[in-house]
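> Let's see this in three dimensions:
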Amino acid sequence: MIQYLVFGGNGQLGRALTGVWQGRGAEFRALTRAEADISDREAVRQVLAKWRPKVVVNAAAYTRVDQAETDVDDAWRVNALGAQNVALACQEHGVDLVHISTDYVFAGNNIGRGYSEEDQTGPASVYGRSKLAGERLVAHGCRRSIIIRTAWLYGDGPNFVRSIVRLARRQSQLTVVDDQWGCPTSAADLAGAVDRLSGLGAYGLYHFVNDGQVSWYGFARAIVAAMGLPAEVRPISSDELLRPAPRPAWSVLDTRLYRMVSGCRPRPWRVALDEYIAEGLAEVNHDS
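Numbers count the residues shown, from 1 in each chain. Okay, the predicted model is just below:
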């Protein structure tokens, strides 16, 4: 028997959770997709029967947002049916489940006010619709479940911060969209929130992001400045980028419920970003 088991163990959140649990000597198992594919219901059941965890974290997801527009079946197989497989196995074994979801479940038209857990959803992309379906299947499939929506995640692995650093070292000018707003979120901080809520047994739906909001353009400028790079960052519109999947124009999430239940306020996004850069995590040459 172990205390924690995470699906998607080689992702940014999975790696951050590993750091949290190792830091306090907790017994855990972080599984990659090769070790346990959540779209295989029987494989998920066998994993839980073998390790008998007290808490399962489902951080596995199909996250290729643009590709999902044509790769619809695979996106739904992982994000919806895979999530249901994990939820049903947790219910069967009497295990607490923490499921990770996304800001893409919203339409992005709530401009000027952060989305709360009670606000109406309305995903515009295949990715967002598949993740929303996964939320609903988890809530119905496992009574002892915690669903956490997050956004703009960066940590140990390919991410926006590393992409901007890499491009700013190669190019004198970058173009980044300035009409999509959200909350950059440290994977380390999200891991702390996962650990905190699971420890409280606080079942339900929560939003967790770092405090404050910024556009992708503003975020990119902050990254370049913090790294001391000379590249110029120029704003463009989403229409100029021409990507297959629509993105929410406003992805700001309200964390009031998380703050009330946990007694903790998320750090400002600039503070979390500065720490990430100071620790050298933006220096790793990942393609993202």
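> What is the neighbour count of residue 216?
The tally of other residues near residue 216 (other C-beta atoms under 10 Å) stands at 24. For the C-beta atoms, the positions are set from N, CA and C on the backbone; glycine is no exception.
> can you pull the pLDDT of the residue lying closest to residue 64 once chain neighbours are set aside?
Nearest non-adjacent residue to residue 64, counting by C-beta to C-beta, 6 or more residues apart in numbering: residue 71, 7.2 Å away. Here, the pLDDT recorded for residue 71 equals 97.
> Can you verify my assumption that residue 71 contacts residue 77?
No. The criterion here is C-beta atoms under 8 Å, and residue 71 misses it with residue 77 at 9.7 Å.
> Find residues that contact each of these two.
Common neighbours of residue 71 and residue 77, using C-beta atoms under 8 Å, 6 or more residues apart in numbering, are residue 62.
> Which of those two has more residues huddled nearby?
residue 77 (18 against 15).
> Is that one in contact with residue 39, as I believe?
Yes. With contact defined as C-beta under 8 Å, residue 77 reaches residue 39; the gap is 4.7 Å.
> tell me, how many neighbours does residue 140 end up with?
For residue 140, using other C-beta under 10 Å, the count is 13.
> and if you look at residue 280?
Neighbour tally, residue 280, other C-beta under 10 Å: 8.
> what sits up against the helix or strand containing residue 20?
Following DSSP states H and E, one finds residue 20 within helix 12-23. For helix 12-23, contacts defined as C-beta under 8 Å, 6+ apart pick out 3-4, 6, 8-9, 28, 30, 57, 59, 100, 153-157, 159, 187-188, 190-192, 194-195.
> List the pairing partners of the next helix or strand after that helix within its sheet, with orientation.
Next along the chain after helix 12-23, taking DSSP H and E as the criterion, comes strand 28-31. Sheet partners assigned to strand 28-31 using DSSP bridges are listed as strand 4-7 (parallel).
> what stretches of the stretch 101-250 of the chain score poorly on pLDDT?
Nowhere does the stretch 101-250 of the chain drop to pLDDT under 70.
> residue boundaries of the strands in it?
145-150, 153-154, 173-177, 181-182, 185-186, 204-207, 214-215, 232-236 (DSSP state E, counting those that start in this stretch).
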